[in-house]
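**Student:** no FASTA, just this:
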């Protein structure tokens, strides 16, 4: 039961994040590393990926689609980690310290947990 609840929570989080990427991409563009090509297109595509992943994650009748969505969202979270690191570096370099360590350290710690959670909630529980 907890897996299903967390699946829906994670899907809601990703769906909301995806919509925000599409309607307000500016904050994401600011933290996108300079080496990312076509940053505006990438930010918009990440929003689409989040929404599609969220939809796939909550599919009740397609276990393969749900598993694929879990893998996709896990890989997505891994791929956007450089933007989170870039945000950390940029923010901490500000004279006022930006959002500070109390924001960035938990965010860095949470990223591997989010990666694992996307994979875990997309799995069926093992039966004895």
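**Tutor:** Sure thing, it's come through. This one's a predicted model, so the numbers in the text were calculated from it and none came from an experiment.

**Student:** what packs against the helix or strand in which residue 114 is found?
**Tutor:** Following DSSP states H and E, one finds residue 114 within helix 101-121. Helix 101-121 sits against helix 2-23, helix 39-57, helix 63-79, helix 81-93, with contacts defined as 3 or more C-beta pairs under 8 Å, 6 or more residues apart in numbering; DSSP states H and E. All C-beta atoms are positioned from the backbone trio N, CA, C, and that covers glycine.

**Student:** which other residues reach it?
**Tutor:** Residues outside helix 101-121 that contact it (C-beta atoms under 8 Å, 6 or more residues apart in numbering) are 3-4, 6-7, 10, 53, 57, 70-71, 73-74, 76-78, 81, 84-85, 87-88, 91-92.

**Student:** okay if I get the helices and strands packed on helix 101-121 as CSV plus distance to residue 104, mean neighbour count and mean pLDDT?
**Tutor:** Shown next, in CSV, are the helices and strands packed on helix 101-121 (distance: least, C-beta to C-beta, whole Å; neighbours: other C-beta atoms under 10 Å; pLDDT from 0 to 100):
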stretch, distance to residue 104, mean neighbour count, mean pLDDT
helix 2-23, 18, 16, 96
helix 39-57, 20, 19, 97
helix 63-79, 16, 18, 95
helix 81-93, 4, 16, 92
